[in-house]
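Colleague: This is a predicted model, with the sequence first.
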Amino acid sequence: MSKKIIAGNWKQNGNIKSSIKLAQDIILGIKKNNIKHEVIIFPPSIYLLSIKNINKKEIINIGSQNVSAYNDGALTGEISATMLKDSKIQYCLVGHSERRHILDENNLSLCEKVSRLRENNIKVIYCIGETLKEYKTKRTKYILNKQLQSLFKSLNNSKRSNKAIIAYEPVWAIGTGLIPSAKELSNTFGYIHNTVKRYNESNESIKLLYGGSVSPENAQSLMKTQYVSGLLIGGASLIAKKFIDICSTI
């Protein structure tokens with residue numbers, strides 16, 4: 001039986017002292033509670049190496065929240081996939097709604113990021129999801145199909161393994177305390193599963209995660225949704241006890 005994935009996206013939060021303390025507390029909690037899930041944290045990039053240095057025994061995996069769509073070169077402020085590889089970073093988020101909707105990243109640039117990461121054997125967690133307006137106008141499946149179609153066009157054109165992780169995060173549920181109903185989740189994940197199966201020419205297994213207002217109180221019920229293999233957690237991942245409680249409940 002494959003491990004569940006519990007990922008914590010710290011976003012633009014913390015300082016060096018608080019970030020190291022948070023990582024230490026998570027590592028200690030995982031060991032103390034004998035948690036066997038695959039746990040990944042995504043600190044701000046400036047703290048990646050400091051946290052990696054306290055994770056010598058690799059109790060957790062560490063990922064970057066972002067990567068450049070381009071190879072090394074004259075791109076001030078960017079961090080390339082080769083730099084992440086050189087720093088032995090195992091994972092990277094791509095396509096989080098905040099980057100799509102606040103920083104105007106589009107499917108084309110996101111797929112370029114995926115290509116750079118795959119060239120450097122860094123595992124991708126690719127985020128998809130619809131806005132509140134799209135949800136209310138019943139365009140969820142249309143939007144998800146468009147996002148997945150773009151991703152698999154890129155994946156299928158590559159000779160490399162198609163292994164990826166897809167995180168469904170309804171934009172309207174992120175940080176709001178709102179989550180889709182059990183019926184909506186079941187329907188949406190069934191659609192994502194079937195769409196991935198249709199587009200994925202390699203037929204390799206692809207894990208699906210749910211993200212959006214995940215808490216210790218709802219984690220167990222969210223994980224009961226068919227095809228859900230893990231969770232992508234935002235705010236609750238900034239509090240070690242809450243994050244460990246989520247890990248412990250599933």
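Modeller: On my side now, so go ahead. All of these numbers come straight from a predicted model, not from anything done at the bench. Numbers count the residues shown, from 1 in each chain.
Colleague: residues of stretch 172-179 that come out buried?
Modeller: By neighbour count on 16 or more other Cβ atoms under 10 Å, the buried set for stretch 172-179 is 172-174, 179. All C-beta atoms are positioned from the backbone trio N, CA, C, and that covers glycine.
Colleague: Could you provide those residues in a markdown table, with additional columns for secondary structure, distance to N157 and pLDDT?
Modeller: Formatted as a markdown table, the buried residues of stretch 172-179 follow (DSSP: H, G, I helix; E, B strand; the rest coil; distance: Cβ to Cβ, whole Å; pLDDT from 0 to 100):
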| residue | secondary structure | distance to N157 | pLDDT |
| --- | --- | --- | --- |
| W172 | helix | 32 | 92 |
| A173 | helix | 32 | 91 |
| I174 | coil | 30 | 87 |
| I179 | coil | 35 | 88 |
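Colleague: Need those in JSON lines (columns: distance to V196).
Modeller: Converted to JSON lines, the buried residues of stretch 172-179 look like this (distance: Cβ to Cβ, whole Å):
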{"residue": "W172", "distance to V196": "22"}
{"residue": "A173", "distance to V196": "21"}
{"residue": "I174", "distance to V196": "22"}
{"residue": "I179", "distance to V196": "22"}
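Colleague: Pick the one among those residues closest to T140.
Modeller: W172 (10.2 Å; Cβ to Cβ).
Colleague: Who are the contact partners of that closest one?
Modeller: By Cβ atoms under 8 Å, 6 or more residues apart in numbering, the contact set of W172 is 130-132, 135, 178.
Colleague: wait, isn't A219 in contact with L231?
Modeller: Yes: assessed by Cβ atoms under 8 Å, A219 is found in contact with L231 at 6.3 Å.
Colleague: now the helices for the protein?
Modeller: Counting by DSSP state H, one finds helices in the chain at the ranges 16-32, 48-53, 81-86, 97-101, 107-119, 132-136, 140-156, 182-199, 219-223, 240-249.
Colleague: Dump these to a markdown table, plus mean pLDDT and distance to V39.
Modeller: Shown next, in a markdown table, are the helices of the chain (pLDDT from 0 to 100; distance: least, Cβ to Cβ, whole Å):
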| stretch | mean pLDDT | distance to V39 |
| --- | --- | --- |
| helix 16-32 | 98 | 6 |
| helix 48-53 | 98 | 13 |
| helix 81-86 | 98 | 19 |
| helix 97-101 | 95 | 22 |
| helix 107-119 | 94 | 20 |
| helix 132-136 | 94 | 30 |
| helix 140-156 | 94 | 25 |
| helix 182-199 | 96 | 22 |
| helix 219-223 | 96 | 13 |
| helix 240-249 | 97 | 6 |
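Colleague: ok, I233 to E130 distance?
Modeller: 20 Å (Cβ to Cβ, to the nearest Å).
Colleague: returning to that earlier point: so which of the contacts of W172 is the closest to R198?
Modeller: Distances from R198 to the contacts of W172, taken by Cβ to Cβ, are shortest for E130, at 19.0 Å.
Colleague: Tell me the backbone dihedrals of that closest one, please.
Modeller: For E130, the backbone dihedrals (degrees, to the nearest 10) come out as phi -110, psi 150.
Colleague: How about the contacts made by it?
Modeller: 139-140, 143-144, 170-172.
Colleague: Which pLDDT value belongs to it?
Modeller: E130 is assigned a predicted lDDT (pLDDT) of 97.
Colleague: just N162 next, same as before
Modeller: Reading off the model, N162 has pLDDT 58.
Colleague: Show me the beta-bridge partners of the spatially most central residue of the chain.
Modeller: Taking Cα atoms, centre = their mean, the centroid of the chain lies closest to I125, which sits 4.2 Å from it. With DSSP bridges as the criterion, I125 is bridged to L93, I165.
Colleague: phi, psi of the residue of the chain most remote from its centre?
Modeller: In the chain, A74 marks the outermost C-alpha relative to the chain mean, sitting 28.1 Å out by Cα atoms, centre = their mean. Backbone geometry at A74, expressed as degrees, to the nearest 10, gives phi -80, psi 70.
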